[in-house]
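*Asks:* need a 3D model of the sequence below.
(chains A and B)
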Amino acid sequence: MPDLVWFLIRRLFAALLVMLALSLAVYLIFYAIPADPAHLACGKPCTPDRLEQARHFMQLDQSTLQQYLNFLKGIFAGRTFGDGAAAVHCNAPCFGYSFPLARPVTTLIMDRLPITASIALGAAVLWLLIGVSLGVIAALNRGRLLDRLSVGVALIGVSTPSFLLGLLAILVFGFWLNMVPVNGYIPFTESPVDWAWHLVTPWIVLAILQAASYIRLTRSQMLEELNLDYITTARAKGAGEGRVVLIHGLRGVLVPVITLFGLDLGGLLGGAILTEKVFSMQGLGDLLISAVGQLDVAVVVGVTLFSAFLIILANLVVDIVHGVLDPRVSHG
Amino acid sequence: MSSSVAGTVSPTRQAMRRLRRDRSARVGLVVVALLIVIAAAAPLLVRLAGQDATTYHIDLLDPARGNAPRGAVGGASGSHWFGVEPLTGRDLFSIVVLGLRTSLFIAVVVTLITTVVGTLAGISAAYFGGWYDAVLSRLLDFLFGFPQLVFMIALGIIVPAGFPRWLLLILVLSFFGWAGLARLIRNQARSLVAREFVEAARSVGSSGWMVITRELLPNLLGPVLVIATLAIPGYIGAEAALSFLGVGVPPPTPSLGRSISDSIAWVYTGADPWFLLFPGAMLFLAVLGFTLLGDGVRDAFDVRLRRTN
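*Replies:* As a prediction, the model looks like this:
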């Protein structure tokens, strides 16, 4: 399939171009910061001499463009600040070095990423399952109680801010019913069961909210699909109703659902950041918010670019899956 | 109603008629109207209650319970209708209605800005087409898939301390908000551009600006209204989310999101769940009301909006 190969190459190239443009833009924006990171690092009393030394060490005395190129180089080859015994190394992939925290930004991100990623991935799996299955059920029971119930759940989901639903869940299930743990994160490697048990409430909260638009989309798409000629043909040829719905109907639903999922990836990360705060887990959001408070530009730029890259890559995967499922995309 | 009568009524009138008959839209309209009145009259209501959002009432707190309000329902009484805030004893009713005012103000201003910018961008992209449309579409795709919340938090670091935060919030939400609207309007406008009346206007020598404002815009008012109404609850939620994360409206300006964030500790200890419930209910009501109204307006104008495609 040469068409598909060309499609993949085109998409990969476009994604790389977007990352490059984005990183340059972010660099130019964030290095216009009024506070001087070297000034914060040099301590008191800060003589002009020591300030100059700090600026040189942190490579802030170079032009913004040169700093940007250093940053790009760091992602592939790593960076070293200063020389001799005082040198600080930042191994590839280096997303910058936080001098206030005295650690490479990549390490800081990797420490926090499992929390945010666990919330986001689990919630995404759950909401796709809930959204598509409730949508199909609603479509098959059009106008009946189950349909109205699903549409009602969708409305509540659309109208409730995630942090509000999360806090209510903690209040009701955590305190009043004492069913689930209310906060804290247990690493997967430590105990997979405890990991899932502590994440179950955040997953459900985030999933219910996002599932709403998938219920709506699946329902309308399924209703449309079931009226198409090829479904009638399948029925006429004697295919069972279950087979018609699951094999033929669902196929038509899957493509728009995947498209919508691609659009929601950015929101998924945002939702995970809000959720981790509600459940007192220290993930990427916590790292970013405290870095903003500490005026730690390296961490702010690193986390921003890292998450943007992550979304762009995830979108690329969605695009590819989309292209494979729906040949019209790659041929167009 | 017979079709001959309906045929003489303008589409907008017909839509208004359908809107009036839609029960959930009516509920939404009543809730929205009520909230707007409350928000507009908030300073007056606060004075009517004989309170303000800044005075501490330490005497109403119970030091034995970590300074949670004394009494049931978060210390609600004849003078403090929603009780008082734990730790400070400030009047919760004042905080909630003034917080609603902040929320609605920001959401409405952002909706106005994004509607104007997004409509112009969407229509011009559809009308002019070519490389302009291609570049704009790429930009929209890009803004759309972007981890917006991360960027909104991060921007806090480059803004000078003296810059008003509410203005920053409006600018940031607008910067990311116009993209969704522009994309929907562009898709709607593209089907109009090929129609005869646009062709006719062009053939008699109307300028691009004339065609856009006289021919395309009037035909897109329905979709624009629908998208704008449906966008408001999104901005109310976004403002609350940013304030919840501590990067939104700073104290002492009351904000529903920040109150909800402050309430976490009191929810966790179970000492004062009412501190969450009053601002939370107000926020829920605001988002629900605008969503119901927006859904009703969409059905009434019979606009099909698909985020996909």
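*Asks:* got the phi and psi for the closest residue to chain A within the stretch 1-150 of chain B?
*Replies:* Closest residue of the stretch 1-150 of chain B to chain A, CB to the nearest CB: B:Leu149 (3.3 Å). Glycine gets a C-beta too; all of them are placed from N, C-alpha and C. Main-chain dihedrals, B:Leu149, degrees, to the nearest 10: phi -60, psi -40.
*Asks:* and for A:Asn178?
*Replies:* Main-chain torsions, A:Asn178, degrees, to the nearest 10: phi 60, psi 40.
*Asks:* so the residue nearest the centre of chain B is in which element?
*Replies:* Nearest to the mean C-alpha position of chain B, by CA atoms, centre = their mean, lies B:Ile232 at 2.6 Å. Using DSSP states H and E, B:Ile232 sits in helix B:217-244.
*Asks:* now do the buried residues in that helix.
*Replies:* Neighbour counts over helix B:217-244 (16 or more other CB atoms under 10 Å in any protein chain shown) mark B:220, B:222-244 as buried.
*Asks:* what does stretch A:266-281 give?
*Replies:* A:266-279, A:281.
*Asks:* how distant is it from the center of its chain?
*Replies:* Counting by CA atoms, centre = their mean, to the nearest Å, stretch A:266-281 is centred 10 Å from the centre of its parent chain.
*Asks:* now swap in stretch A:296-311 and tell me
*Replies:* In terms of CA atoms, centre = their mean, the centre of stretch A:296-311 is set 12 Å apart from its chain centre.
*Asks:* that one vs chain B: in contact?
*Replies:* Yes. With CB under 8 Å from any CB of the partner chain as the criterion, chain B is reached by stretch A:296-311 at A:297, A:300-301, A:303-304, A:307-308, A:310-311.
*Asks:* just the ones in helices from the residues you listed, please.
*Replies:* Among these, the residues falling in helices (DSSP state H) are A:297, A:300-301, A:303-304, A:307-308, A:310-311.
*Asks:* let me have these in TSV, extended by neighbour count.
*Replies:* Shown next, in TSV, are those (neighbours: other CB atoms under 10 Å in any protein chain shown):
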residue	neighbour count
A:Val297	25
A:Val300	29
A:Val301	24
A:Val303	29
A:Thr304	25
A:Ser307	26
A:Ala308	23
A:Leu310	21
A:Ile311	20
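*Asks:* the strands in the chain, which residues?
*Replies:* The chain I'm using is chain A. For chain A, the strands defined by DSSP state E occupy A:79-81, A:88-90, A:97-98, A:103-104.
*Asks:* my question was about chain B, not that one.
*Replies:* For chain B, applying DSSP E gives strands covering B:61-62, B:68-69.
*Asks:* nearest spatial neighbour of A:Asn183, skipping sequence neighbours?
*Replies:* A:Ser280 (3.9 Å; CB to CB, 6 or more residues apart in numbering or on different chains).
*Asks:* check A:Tyr97 too.
*Replies:* Leaving aside its sequence neighbours, A:Tyr97 sits nearest to A:Cys90 (CB to CB, 6+ apart; 4.7 Å).
*Asks:* what of B:Ile123?
*Replies:* Nearest to B:Ile123 is B:Ala189, by CB to CB, 6+ apart, at 4.9 Å.
*Asks:* what's the answer for B:Ser243, then?
*Replies:* Distance criterion CB to CB, 6+ apart; nearest residue to B:Ser243, sequence neighbours excluded, is B:Gly257 at 3.1 Å.
*Asks:* residues near the residue lying closest to B:Leu292 once chain neighbours are set aside, how many?
*Replies:* Using CB to CB, 6+ apart and skipping residues adjacent in sequence, the residue nearest B:Leu292 is B:Gly28, 2.9 Å away. Per other CB atoms under 10 Å in any protein chain shown, the neighbour tally for B:Gly28 reads 23.
*Asks:* who are the neighbours in contact with B:Gly28?
*Replies:* Contact analysis of B:Gly28 by CB atoms under 8 Å, 6 or more residues apart in numbering or on different chains lists B:288-296.
*Asks:* one more time with 7 Å, if that's ok
*Replies:* Contacts here follow CB atoms under 7 Å, 6 or more residues apart in numbering or on different chains; on that basis B:Gly28 touches B:289, B:292-293, B:296.
*Asks:* torsion angles phi and psi at the residue nearest to A:Asn183?
*Replies:* Backbone geometry at A:Ser280, expressed as degrees, to the nearest 10, gives phi 50, psi 50.
*Asks:* please identify the buried residues of stretch A:130-149?
*Replies:* Buried positions in stretch A:130-149, judged by neighbour count with 16+ other CB under 10 Å: A:130-132, A:134-140, A:147.
*Asks:* just the mean pLDDT for stretch B:265-282, thanks.
*Replies:* Mean pLDDT, computed over stretch B:265-282, is 82.
*Asks:* quick one: the helices in the stretch 151-300 of chain A?
*Replies:* For the stretch 151-300 of chain A, applying DSSP state H, counting those that start in this stretch gives helices covering A:162-169, A:192-226, A:229-236, A:241-243, A:250-278, A:284-293, A:297-325.
*Asks:* among the ones in helices among the residues of stretch A:296-311 next to chain B, which one lies nearest to A:Pro192?
*Replies:* The closest of those to A:Pro192 turns out to be A:Leu310 (CB to CB; 23.6 Å).
*Asks:* quick one: the residue lying closest to B:Leu19 once chain neighbours are set aside from B:Ala286, how far?
*Replies:* Spatial nearest neighbour of B:Leu19, chain neighbours left out: B:Ala300 (4.0 Å); criterion: CB to CB, 6+ apart. Distance of B:Ala300 to B:Ala286, computed by CB to CB, to the nearest Å: 21 Å.
*Asks:* quick one: name the residues of the stretch 101-250 of chain A near chain B.
*Replies:* Within reach of chain B by CB under 7 Å from any CB of the partner chain, the stretch 101-250 of chain A has these residues: A:158-161, A:163-164, A:167, A:170-171, A:175, A:182.
*Asks:* which among the residues you listed count as buried?
*Replies:* Listed as buried from these are A:158-161, A:163-164, A:167, A:170-171, A:182; burial here means 16+ other CB under 10 Å.
*Asks:* confidence-wise, which of these comes last?
*Replies:* Within those, A:Val182 has the lowest pLDDT, namely 70.
*Asks:* hmm, that one is touching A:Val172, no?
*Replies:* No. The criterion here is CB atoms under 7 Å, and A:Val182 misses it with A:Val172 at 10.8 Å.
*Asks:* correct me, but B:Leu276 touches B:Ser259?
*Replies:* No. Counting by CB under 7 Å, B:Leu276 sits too far from B:Ser259 to count as a contact (8.4 Å).
*Asks:* and B:Ser259, what does it touch?
*Replies:* Applying CB under 7 Å, 6+ apart to B:Ser259 gives the contacts B:95, B:99, B:279.
*Asks:* does the first one touch B:Leu256 like I think?
*Replies:* Same thing as B:Ile95. No. With contact defined as CB under 7 Å, B:Ile95 does not count as touching B:Leu256 (8.7 Å).
*Asks:* in chain A, what residue lies closest to chain B?
*Replies:* Closest contact between chain A and chain B, by CB to the nearest CB, is at A:Gly270 (3.3 Å).
*Asks:* can you list the weak-confidence ranges in the stretch 151-300 of chain B?
*Replies:* Within the stretch 151-300 of chain B, no stretch has pLDDT under 70.
*Asks:* what does it put close to chain A?
*Replies:* By CB under 7 Å from any CB, the residues of the stretch 151-300 of chain B that approach chain A are B:151, B:153-154, B:156-158, B:160, B:233, B:237, B:240-241, B:244-247, B:260, B:264, B:267-268, B:270, B:273, B:276, B:280, B:283-284, B:287-288, B:291.
*Asks:* okay, which residue is most central for chain A?
*Replies:* In chain A, the residue lying closest to the centroid (CA atoms, centre = their mean) is A:Leu269, at 3.3 Å.
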